[in-house]
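1. Generate a structure from the sequence data that follows.
(one chain, ligands or ions: 2)
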Amino acid sequence: MALDLSLYLVTDSTPAILRGHDICKVVEEALKGGVTVVQYRDKKSDTGDLVKTAKKLHEITRRYNVPLIINDRVDVAIASGAEGVHLGQDDMSTTKPSRIRRHAVKAVEEGADYLGIGTIFATPTKTNTKSIIGTAGAKIILDSLSRLDRSVSTVAIGGINLSNVQRVLYQSAGQSGKQLDGVAVVSAIMAADDPKSAAEEIKKIMAVPPPFATRQLSSPRESELATDVPGVVQQVVTAHPIVHSMINFVVANFVANVAIAAGVSPIMSQYGDEAKDLAVHGGGLVINMGTLTSASVTEYLKAIKAYNSNGNPVVLDPVGAGATAIRRGAVKTLMAGGYFDLIKGNEREIKEVYGNTTNEQGTQRGVDSGPRNVVLLTGSTDYLSDGNRVIAVKNGHELLSRATGTGCAVGTICGAYLAAFRDDKLLAVLAGLLMYEIAAENAAAKDTVQGPGTFLPAFLDEIYSIVQKASQGEHTWFEGRAKIEHIAL
Ligand SMILES: Cc1ncc(COP(=O)(O)OP(=O)(O)O)c(N)n1
Ligand SMILES: Cc1ncsc1CCOP(=O)(O)O
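-> Ligands and ions are numbered 1, 2, ... in the order given. Reported below is the predicted structural model:
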């Protein structure tokens, strides 16, 4: 029987997880949903009961041609005819490569067919774990394994669920290119109301290529980044992407007008259930918390899930993130509930997002620094980073801060640029931002512009003018205009 580790179900018979359900029924539903390995893990039952349940489970897993593995107990595995046994080594209390390598070598030499890598995220399912290694720890382990003579398959385990599985797979991949062969989950399926759908949804999201990988420019020097900007703008305006903005009601009209002037199709829907249909069109989603209501977070989460599942970009604009306890809670829920390609905010908002996703020990961050997240910190100088590159952007004009909606529109523009230019997220955001801020400078320089009232229509005209030029392949609008600086990390 082939060992396909992609979706590895580990059972749990504790009442908190099984909630009175029949373990065999739950496992069978999960198999229908597509789990590829089942591990019977029961730390409490006596040997007789273990063998009885293992035999029942084996009858079921055999029908689905899926291997059954028994946790810890070789005797139970033999008695039930299970295909394998999962043996633990002492938990590693380190991510130190040399110690990890020793453990891995030992396991591989002893004939292990696969290794479980964890604990990735803290989880109530297993509290006696010594180290929470995060995706960064998994990456170290995978790199160490890639240097062994014998290759070994791996699954990650610990706190993995629908909302983080994509980033676990993507962020764990080692420098060497070694990737996880799958993920192991307990509660995300065993405790689900509908284990079949839970398994199906996890499988589905795992099959979606990560929204897109960050292309590393051959050199991150600012001059080279700048060279690419007008081409990106041309590509975006030609693609005419959709941007779905769950935006605050104060600025919705202005932001929609900016999007249209910028050659983008705006959809201003707040209705989370609608996102399923909207997310299939290759556009981006923008979550702007400006006018949060008691219903907002639920709607946001539905939309984020739809866009994440379709591999389309999501921008978070955590407006006023630190201002109230409700907003702090909303940020926390959103960060735990999905994946964001770009987080855009002022210094206070970004600090809040960062702080709110750090655990009590201050060790584990929801916004893993890594190539998949871009952060745009806006201010008189904007700072843009993907964890590898940091760019300071000094374009724009003071009048942008004199009208409402000009900051929110940046999030929407970035959502569209991320959707239409997928090679390099940092470059996509930089291009959208520079197009926007250079248009603002052009507008402010007009004789007719006296202040915010005359600035706004001139600004829309200037965005439109750049878009017209860009769509015809004319790049003069950009020549000598970028005020950007690469900041060494
Ligand atoms: C697939 C998989 N990976 C890791 C574990 C954990 O094994 P272990 O460290 O032996 O801990 P216990 O399961 O015995 O608590 C696992 N069970 N499965
Ligand atoms: C068995 C095990 N080993 C490390 S974490 C863990 C439990 C994972 O449970 P969950 O998927 O519910 O977080």
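
2. mean confidence for the helix or strand hosting residue 189?
-> Counting by DSSP states H and E, the element that carries residue 189 is helix 187-190. Taken as a whole, helix 187-190 has an average pLDDT of 96.

3. Need the CA coordinates for that helix. PDB is fine.
-> C-alpha atoms of helix 187-190 as PDB (Å, rounded to 0.1, in the frame of the first residue of the first chain):
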ATOM      1  CA  SER A 187      -8.600  18.500  15.900                       C
ATOM      2  CA  ALA A 188      -9.200  20.200  12.600                       C
ATOM      3  CA  ILE A 189     -10.800  17.000  11.400                       C
ATOM      4  CA  MET A 190     -11.600  14.900  14.500                       C
END
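
4. Show me which residues of the next helix-or-strand element following that helix are buried.
-> Using DSSP H and E, the helix or strand that directly follows helix 187-190 along the chain is helix 195-207. For helix 195-207, the buried set under the neighbour-count rule, 16 or more other CB atoms under 10 Å, comprises 195-196, 198-203, 205-206. Every residue, glycine included, has its C-beta placed from N, CA and C.

5. re earlier: what about the helix holding residue 189, near ligand 2?
-> Yes. Using CB under 6 Å from any ligand atom, helix 187-190 reaches ligand 2 at 187-188.

6. for stretch 14-26, same thing?
-> No. Using CB under 6 Å from any ligand atom, stretch 14-26 stays clear of ligand 2, coming no nearer than 7.2 Å.

7. Same list, the buried residues of helix 195-207, but as TSV with distance to residue 60 and pLDDT please.
-> TSV is the format used below for the buried residues of helix 195-207 (distance: CB to CB, whole Å; pLDDT from 0 to 100):
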residue	distance to residue 60	pLDDT
195	13	97
196	13	97
198	17	96
199	14	97
200	18	96
201	21	93
202	20	94
203	18	94
205	25	90
206	23	89
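
8. Turn the residues you listed into a markdown table, including distance to ligand 1.
-> Converted to a markdown table, the buried residues of helix 195-207 look like this (distance: CB to the nearest ligand atom, whole Å):
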| residue | distance to ligand 1 |
| --- | --- |
| 195 | 18 |
| 196 | 21 |
| 198 | 17 |
| 199 | 16 |
| 200 | 20 |
| 201 | 20 |
| 202 | 15 |
| 203 | 17 |
| 205 | 19 |
| 206 | 16 |
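
9. which of those come close to ligand 2?
-> Residues of the buried residues of helix 195-207 in contact with ligand 2 (CB under 6 Å from any ligand atom): none.

10. For residue 376, state which of those residues is nearest.
-> Residue 376 lies nearest to residue 205 out of the buried residues of helix 195-207, by CB to CB, at 25.5 Å.

11. That closest one against residue 167, yeah?
-> No. Using CB atoms under 8 Å, residue 205 makes no contact with residue 167, being 10.5 Å away.

12. And the helices in the stretch 251-400 of the chain?
-> Counting by DSSP state H, counting those that start in this stretch, one finds helices in the stretch 251-400 of the chain at the ranges 252-261, 275-278, 296-309, 325-337, 347-356.

13. which of the residues in the fourth one are buried?
-> Which is helix 325-337. Result for helix 325-337 [16+ other CB under 10 Å]: buried residues 327-328, 330-331, 334-335, 337.

14. Excluding its own residues, what touches the helix holding residue 189? List them.
-> Applying CB atoms under 8 Å, 6 or more residues apart in numbering, the contact partners of helix 187-190 are 9-12, 17-18, 26, 30, 33, 35, 123-125, 160-162, 195, 198-199, 202.

15. So is it next to ligand 1?
-> No. With CB under 6 Å from any ligand atom as the criterion, ligand 1 is not reached by helix 187-190; the gap is at least 12.8 Å.

16. Would you check the distance separating that helix from the middle of the chain?
-> Put simply, helix 187-190 sits 20 Å off its chain's centre (CA atoms, centre = their mean, to the nearest Å).

17. and the protein, which residues reach ligand 2?
-> Selection of the chain residues close to ligand 2 by CB under 6 Å from any ligand atom yields 10, 118-119, 123, 125-126, 129, 157-160, 185-188.

18. Can you show me the CA trace of stretch 76-86 as CSV?
-> The C-alpha trace of stretch 76-86 is given here as CSV (Å, rounded to 0.1, in the frame of the first residue of the first chain):
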residue,chain,number,x,y,z
VAL,A,76,-1.4,-3.4,18.8
ALA,A,77,-0.2,-2.8,15.3
ILE,A,78,0.7,-6.5,14.9
ALA,A,79,-2.5,-7.7,16.5
SER,A,80,-4.7,-5.5,14.2
GLY,A,81,-2.8,-6.0,11.0
ALA,A,82,-2.1,-2.3,10.7
GLU,A,83,0.3,-1.1,8.1
GLY,A,84,2.7,0.7,10.5
VAL,A,85,3.5,2.1,13.8
HIS,A,86,4.4,5.7,14.8
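
19. hmm, who's touching it?
-> Under the contact criterion CB under 8 Å, 6+ apart, stretch 76-86 has outside partners 1, 39-41, 47, 50-51, 54-55, 57-58, 67-74, 113, 116.

20. From the residues you listed, which land in helices?
-> Taking DSSP state H as the definition of helices, the contacts of stretch 76-86 contribute 47, 50-51, 54-55, 57-58, 74.

21. Return a ChimeraX selection command for the buried portion of those residues.
-> To isolate the buried ones among the ones in helices among the contacts of stretch 76-86 in ChimeraX, judged by 16+ other CB under 10 Å, type:
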select :50,51,54,57,58
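
22. need the ones in helices among the contacts of stretch 76-86 in a markdown table with distance to ligand 1, can you?
-> Listed next are these as a markdown table, based on distance: CB to the nearest ligand atom, whole Å:
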| residue | distance to ligand 1 |
| --- | --- |
| 47 | 16 |
| 50 | 14 |
| 51 | 18 |
| 54 | 15 |
| 55 | 20 |
| 57 | 15 |
| 58 | 18 |
| 74 | 13 |
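
23. Return the set of buried residues in stretch 299-317.
-> 299-317.

24. That stretch: how far from the chain's middle?
-> Centroid separation for stretch 299-317 versus its chain: 9 Å, with CA atoms, centre = their mean.

25. so who does the nearest residue to residue 402 once chain neighbours are set aside touch?
-> Of all residues not flanking residue 402 in the chain, residue 452 sits nearest, at 4.2 Å (CB to CB, 6 or more residues apart in numbering). Residue 452 makes contact with 399, 402-403, according to CB under 8 Å, 6+ apart.

26. tell me the phi and psi of residue 452?
-> phi -60, psi -40 (degrees, to the nearest 10).

27. Which parts of the chain belong to which domain?
-> If you go by automatic domain parsing, the domain ranges for the chain are 7-207, 222-487.

28. so which of these is the most packed in?
-> domain 222-487 (a mean of 20; mean count of other CB atoms under 10 Å).

29. mean confidence for it?
-> Averaged across domain 222-487, pLDDT comes to 90.

30. what's the distance between it and the middle of its chain?
-> Distance of domain 222-487 from the chain centroid (CA atoms, centre = their mean) equals 16 Å.

31. for stretch 164-171, same thing?
-> Centroid separation between stretch 164-171 and its chain, computed with CA atoms, centre = their mean, is 7 Å.

32. Kindly export that stretch (C-alpha atoms) in CSV.
-> Extracted in CSV, the C-alpha atoms of stretch 164-171 (Å, rounded to 0.1, in the frame of the first residue of the first chain):
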residue,chain,number,x,y,z
ASN,A,164,-2.8,28.1,8.1
VAL,A,165,-2.1,24.9,6.1
GLN,A,166,-1.1,26.8,2.9
ARG,A,167,1.4,28.9,4.7
VAL,A,168,2.7,26.0,6.7
LEU,A,169,3.5,24.1,3.5
TYR,A,170,4.9,27.1,1.8
GLN,A,171,6.9,28.7,4.6
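
33. Kind regards, and thank you for your time.
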